[in-house]
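Visitor: Whatever this is, show me its structure:
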Amino acid sequence: MASVGPPGYGFPARLWRLLARGRPPGFGRSGAWRSPLRGPWLTSVLGAVLLVTLPLVIVTGLLSYVAYAPWFGQGFPAHVGWLRLPYFDWPTHPVWLYRLTQGVHVTLGLVLVPVVAAKLWSVIPRLFAWPPVRSLAQLLERVSLVLLVGGILFEIATGVLDIQYHYVFGFDFYTGHYYGAWVFTGAFVAHVSIKLPRMVRTLRSRPLREQLRVSRAGTRPEPADP
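Guide: Now for the predicted structure:
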């Protein structure tokens, strides 16, 4: 199989080439990441898990806000401007409905913490790529990734601290968690729109059952992601 050369530069190419010459120490050295597990296929598997489960966390979290009847001034935060959700009366039956939605939100959110950590571990070489961008389109994608990664880490951190009633941050939890959720949701939708076709192609390239049968000794690193 022929090796894939480094990708070219988009507009303005001169700026990206100039940026490439000023590489900081430790950046752009792919040899530092030696795990044969890390690669596009594992990233796509973890991404597929998050694609199915994160919408449940988002929806149940927003339902928790609606359940407090913000139109009566009972929701937190009380005034959210154009981020206001459609109002509807929370069903009184079954009586355990709110426990179910809130339980799914908290429990699934905690279960996904190691999955999110594994997903970040699988793509960490890309965080140290140099130059960090090669085109304006990639620049926009990287900005969305800052919002995506920052948003989900913020939601996890504030959510876990709220469970422990440990409010060490200097802002109202409900306000920060609500607005942080919308920042993450917007970045999540953008990321899925960009990466979904690539994820589907990568998952089809290696059947899951065959990969699970491969021994540790037989595991080989994937080709470099161009």
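Visitor: switch to C-alpha atoms for all contacts and neighbour counts from now on
Guide: Will do.
Visitor: any idea which helix or strand comes after the biggest helix by length in the chain?
Guide: Secondary structure of the chain per DSSP state H: the longest helix is helix 173-205. Per DSSP states H and E, the first helix or strand lying C-terminal to helix 173-205 is helix 208-213.
Visitor: returning to that earlier point: residues of the longest helix of the chain that come out buried?
Guide: Buried positions in helix 173-205, judged by neighbour count with 16 or more other CA atoms under 10 Å: 173-174, 177-181, 183-185, 187-188, 191, 199, 202-203.
Visitor: Could you tell me which ranges of this protein sit under the pLDDT cut-off?
Guide: For the chain, the stretches flagged by pLDDT under 70 are 1-7, 28-33, 224-226.
Visitor: Would you map the helices across it?
Guide: Counting by DSSP H, the helices of the chain are 13-21, 40-67, 97-127, 136-163, 173-205, 208-213.
Visitor: Just want the angle from the first one to helix 136-163.
Guide: With axes from the mean of the first three to the mean of the last three CA atoms, to 10 degrees applied, the angle from helix 13-21 to helix 136-163 works out at 50 degrees.
Visitor: okay, helix 13-21 in CSV with CA atoms only?
Guide: Listed next in CSV are the C-alpha coordinates belonging to helix 13-21 (Å, rounded to 0.1, in the frame of the first residue of the first chain):
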residue,chain,number,x,y,z
ALA,A,13,-1.4,28.8,2.3
ARG,A,14,1.5,31.2,3.0
LEU,A,15,0.1,31.8,6.5
TRP,A,16,-0.1,28.1,7.4
ARG,A,17,3.4,27.4,6.0
LEU,A,18,4.8,30.3,8.1
LEU,A,19,3.0,28.9,11.1
ALA,A,20,4.5,25.4,10.4
ARG,A,21,8.0,26.8,10.7
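Visitor: quick one on the thing from earlier: out of the helices of the chain, nearest to Phe27?
Guide: helix 97-127 (8.8 Å; CA to CA).
Visitor: Would you mark the buried spots in that closest one?
Guide: Neighbour count says helix 97-127 has 98, 101-102, 104-106, 109, 112, 116, 118-120, 122, 125 buried, by 16+ other CA under 10 Å.
Visitor: now swap in stretch 38-55 and tell me
Guide: Result for stretch 38-55 [16+ other CA under 10 Å]: buried residues 38-47, 50-51, 54.
Visitor: contacting residues around it?
Guide: Stretch 38-55 is contacted from outside by 108, 112, 115-116, 118-119, 121-123, 192, 199-200, 202-203, 206, 221-225, using CA atoms under 8 Å, 6 or more residues apart in numbering.
Visitor: please redo it, this time with the cut-off set to 6 Å
Guide: 119, 122, 199, 202, 222 (CA atoms under 6 Å, 6 or more residues apart in numbering).
Visitor: gap between it and the chain center?
Guide: 9 Å (CA atoms, centre = their mean, to the nearest Å).
Visitor: let's have the chain start at 305 instead
Guide: Noted, 305 is the first residue going forward, which turns the last one into stretch 342-359.
Visitor: could I have it exported to CSV, CA atoms only?
Guide: In CSV, the C-alpha atoms belonging to stretch 342-359 read as follows (Å, rounded to 0.1, in the frame of the first residue of the first chain):
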residue,chain,number,x,y,z
ARG,A,342,-5.1,4.4,19.0
GLY,A,343,-6.4,5.2,15.6
PRO,A,344,-9.5,6.3,13.6
TRP,A,345,-11.3,3.0,14.0
LEU,A,346,-11.2,3.0,17.8
THR,A,347,-12.1,6.7,17.8
SER,A,348,-15.1,5.9,15.6
VAL,A,349,-16.3,3.1,17.9
LEU,A,350,-16.2,5.4,20.9
GLY,A,351,-17.8,8.1,18.9
ALA,A,352,-20.7,5.8,17.9
VAL,A,353,-21.3,5.0,21.6
LEU,A,354,-21.4,8.7,22.4
LEU,A,355,-23.5,9.5,19.4
VAL,A,356,-26.2,7.1,20.8
THR,A,357,-26.0,8.0,24.5
LEU,A,358,-25.2,11.7,24.7
PRO,A,359,-28.5,12.8,23.1
